[in-house]
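In: next input, structure requested:
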Amino acid sequence: MDAQGRGRAEHIDPADQWVLNPSTGEYELRLTPSAPQSALPGPRRVAPRGAAAGRPRRAAAPAPEDREETRGSREGTRSGREETRGGREGRESRPGRSASGEAPSPRRRRGAPEEPPAGRRGRRPVKARKSRAKKAVMWTGGTMAFVLVAVGAAGWFYLKHLEGNVTTEDVGNAADSGFSKDEAFNILLLGTDKRTGKGNEGYGDKGSAGHADTTLLLHVAKDRSNATVLSIPRDLIVDIPDCPTKDADGNETVIPGSQGVRFNTSLGQEGRNAGCTMRTVEEMTGIDVNHFMMADFNAVKTLTTAVGGVDVCLAKDVDDPDSHLKLSAGPHTLMGEDALAFVRTRHSFGNQGDLDRIKVQQQFLASLMRKMSSSDTLTSPSKLMKLAEAATKALTVDTGIGKVSTLKDVALELKKVPPKNISFTTVPVRDNPAETVKATVVVDESRAPDVFSAIANDVSFTAVKEKKAQEKAAVAARLKGTKSAPSEVRVRILNGGAPAGSASKTLEWLQNDEGVTKSENAGNADAALSRTTLEYAPEQAAQARRLAAIMGLSGAALKPGESVTNSQGLPTMTLTLGKDFKGAGVSLTPPAKAPDVEKSTADKVQCAG
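Out: Next up is the predicted model:
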């Protein structure tokens, strides 16, 4: 900044500039000559009127006799550049000085402010320089702060706009109250056949209240190394438990359960909400479902359009009059109505049933995931905004993840999973033996429990790198060492999500069958747990290893902690039966690896046919 930027003060050298002093961290006035100068100040001239803007203006030159050079001591650093006038002794005689050594007063140009006395001439005091520098910094900082606040406010308003797009539903304790980025999580993805939205009048059942037409359980591993997408057939015969729901006024109603009915009736039928579907999945699989996301027909159309289309492949020509899909064999990029027709087609693939349509939907979802995580999408602000608008408008979610910031966290955690380690599979089923004409299926009890157990215990369906050897060894070490006699094991038992009566049944089994006589029923835990745990103090490690061996607990189930006391005031361990508890005497050791089932992965392109 030169003199023209400081109030047009011609009496100040235009070569003066604000320069950052590295010693103080502040801006200060420095004399920085633009060209080599002599020891004496150069002549000063008044710039003519009308001089070009931006050119340095020169002050009027004083007469030779007015020139003076002050010699002084230059003690300290050069950062201040302040000339100190020392004593007059020993000075050489200079032109323009009187015999006494005093310099005459300089001439003053007409209209210019009066110069200070000779003893105070020269640069402005350091204090003034620092003051002006601080003001400049304050103005600059204030401006930047205002810009940041403005941008932040715009972002905040847009965030609120997106949250206004999302529909939330309170399903009570069927869903968790929040989302943890440090734990494994399970989200139920629901696609309904409700005929809402423009252009959807001809789809689905005309009078449908919005049944569970497409259902997928998404499991994301704790270490984000893998994820599993489990499809649940709509025609699967299940038992639907009693389901508490809330109406618009907050009044709670319990909808009675149903036995031996189609899975898709767990949503919409008799007023059931997504929480009822979550409870049905938990009862059928033993997997703790944390949240749900629900979408209708419009979601497929808007999401595929937002990303510029989804790439699919057909093994043969398709002309389906029911879904109105008409495509030739080979690759295609589908969006909007064509994309919806593709995922709804069931009479053109495989045996023309729902199980083969599920495979096509899995291939489509894998392709959509690849497109959403592609560099073309992630580096395009316009596509990202379209995707954000489409996704938030299409979704209904539970209140636990109803904020856009939380939905963003969910997406970012899923993005950490390599596509090659995202597995798609389906609940193992077999034909319903009660039917002559095969229209529904039932859970295959010989294969399905292993699939459910693998997901519940965070076991990958793809080959992934082992967890850190040190962590794995530390967990395994909890089971190694001496074991106390069963009669020395003292434990209190809590029910933390297991079926009612599990604590009392386990107590009876431990005392009568296993000789753990120092055990007691302590009632219900304060909160439900997805996994059974055994907490113990360091001095109880031998007891913990014995009880783990009796119950088939893994090293991960053992939680070292502080000692607690039982009803008699004696130190005891705490066994909390979680949702994974299968009954007294049933081992809780998780499978070492996932079962061999038919599956696909998100990184591979397959042709439907």
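In: what's the mean pLDDT across stretch 489-499?
Out: Stretch 489-499 carries an average pLDDT of 94.
In: using CSV, list the CA coordinates for it.
Out: Provided in CSV are the C-alpha atoms of stretch 489-499 (Å, rounded to 0.1, in the frame of the first residue of the first chain):
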residue,chain,number,x,y,z
VAL,A,489,-17.7,-68.8,39.8
ARG,A,490,-19.8,-66.0,41.2
VAL,A,491,-22.0,-64.2,38.6
ARG,A,492,-25.2,-62.2,38.5
ILE,A,493,-27.4,-62.6,35.3
LEU,A,494,-29.2,-59.7,33.6
ASN,A,495,-31.6,-59.9,30.6
GLY,A,496,-30.4,-57.2,28.1
GLY,A,497,-32.6,-58.0,25.1
ALA,A,498,-32.9,-61.8,25.2
PRO,A,499,-36.4,-63.4,25.1
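In: flag the shaky bits of the stretch 451-600 of the chain, pLDDT-wise.
Out: Where the stretch 451-600 of the chain drops to pLDDT under 70, the residues are 465-474, 592.
In: ok, now the chain?
Out: 1-159, 194-209, 465-474, 592, 609.
In: tell me where it has helices.
Out: All helices of the chain, identified by DSSP state H, fall at 126-165, 274-285, 297-306, 337-344, 354-372, 375-378, 381-394, 404-415, 448-456, 469-477, 502-513, 541-551.
In: of all those helices, which lies closest to residue 187?
Out: helix 404-415 (7.3 Å; C-beta to C-beta). Where you see a C-beta, it was placed from the backbone N, CA and C, and this is true even at glycine.
In: how much does that closest one deviate in direction from helix 381-394?
Out: Interaxial angle of helix 404-415 relative to helix 381-394 (axes from the mean of the first three to the mean of the last three C-alpha atoms, to 10 degrees): 110 degrees.
In: so for helix 404-415, what gets flagged as buried?
Out: Using 16 or more other C-beta atoms under 10 Å as the test for burial, helix 404-415 gives 404, 406-407, 410, 413-414.
In: check stretch 575-593 too.
Out: Going by 16+ other C-beta under 10 Å, stretch 575-593 has these buried residues: 575-582, 584, 588, 590.
In: between the two ends of that stretch, what distance do you get?
Out: Taking C-alpha to C-alpha, to the nearest Å as the measure, stretch 575-593 stretches 26 Å from start to finish.
In: can you check stretch 251-263 too?
Out: End-to-end for stretch 251-263, by C-alpha to C-alpha: 26 Å.
In: ok, now stretch 261-275?
Out: 17 Å.
In: check stretch 229-249 too.
Out: Stretch 229-249: ends 35 Å apart by C-alpha to C-alpha.
In: buried residues, it. List them.
Out: Buried-residue list, stretch 229-249, by 16+ other C-beta under 10 Å: 229-238, 240-241, 243-245.
In: I'd say residue 247 and residue 255 touch.
Out: No - contact criterion C-beta atoms under 8 Å: residue 247 and residue 255 do not qualify, at 11.4 Å.
In: what's around residue 513, how many residues?
Out: Close neighbours of residue 513, defined as other C-beta atoms under 10 Å, add up to 11.
In: same check, this time on residue 385
Out: Other residues within reach of residue 385 by the criterion other C-beta under 10 Å amount to 13.
In: any idea how far it is from residue 299?
Out: In this view, residue 385 and residue 299 are 17 Å apart by C-beta to C-beta, to the nearest Å.
In: show me which of the buried residues of stretch 229-249 is closest to residue 597.
Out: Closest to residue 597, out of all of the buried residues of stretch 229-249 and judged by C-beta to C-beta, is residue 230, at 10.0 Å.
In: list the contacts of the closest residue to the closest one other than its chain neighbours.
Out: Nearest residue to residue 230 in three dimensions, chain neighbours excluded: residue 217, at 4.4 Å (C-beta to C-beta, 6 or more residues apart in numbering). By C-beta atoms under 8 Å, 6 or more residues apart in numbering, the contact set of residue 217 is 186-189, 229-230, 232, 281, 285, 287, 289, 455.
In: bridged to residue 217, which residues?
Out: On the basis of DSSP bridges, residue 217 is bridged to residue 188, residue 230.
In: just give the number of residues close to residue 349.
Out: By other C-beta under 10 Å, neighbour count at residue 349 equals 21.
In: ok, the one 4 residues further on next?
Out: Neighbour count for residue 353, taken as other C-beta under 10 Å: 16.
In: ok, it touching residue 346?
Out: Yes - using C-beta under 8 Å, residue 353 is in contact with residue 346, at 6.8 Å.
In: re the thing from before, which among the helices of the chain is found nearest to residue 599?
Out: Residue 599 lies closest, by C-beta to C-beta, to one member of the helices of the chain: helix 354-372, at 9.1 Å.
In: which two among the buried residues of stretch 229-249 are spaced furthest apart?
Out: Distance extremes for the buried residues of stretch 229-249: the farthest pair is 229 and 244 at 28.3 Å, using C-beta to C-beta.
In: residues near residue 298, how many?
Out: Residues near residue 298, counting by other C-beta under 10 Å, number 17.
In: next one: residue 166
Out: 19.
In: re earlier: dump the contacts of residue 217 to CSV, plus distance to residue 461.
Out: Formatted as CSV, the contacts of residue 217 follow (distance: C-beta to C-beta, whole Å):
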residue, distance to residue 461
186, 14
187, 17
188, 18
189, 17
229, 10
230, 10
232, 16
281, 18
285, 15
287, 14
289, 18
455, 8
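In: between those residues, which has the most around it?
Out: Busiest of the contacts of residue 217 [other C-beta under 10 Å] is residue 188, holding 28 neighbours.
In: would you mind measuring from it to residue 406?
Out: Separation of residue 188 from residue 406 (C-beta to C-beta) stands at 16 Å.
In: again, but for residue 588
Out: Distance of residue 588 to residue 406, given as C-beta to C-beta: 31 Å.
In: same check, this time on residue 223
Out: Look at residue 223 and residue 406: by C-beta to C-beta, they are 21 Å apart.
In: farthest pair in the buried residues of stretch 575-593?
Out: The distance between the two most remote of the buried residues of stretch 575-593 (C-beta to C-beta) is 18.4 Å, for 584 and 590.
In: neighbouring contacts of stretch 593-602?
Out: Under the contact criterion C-beta under 8 Å, 6+ apart, stretch 593-602 has outside partners 359, 362-363, 366, 369-370, 419-426, 428, 447, 450-451, 454, 459-462, 606.
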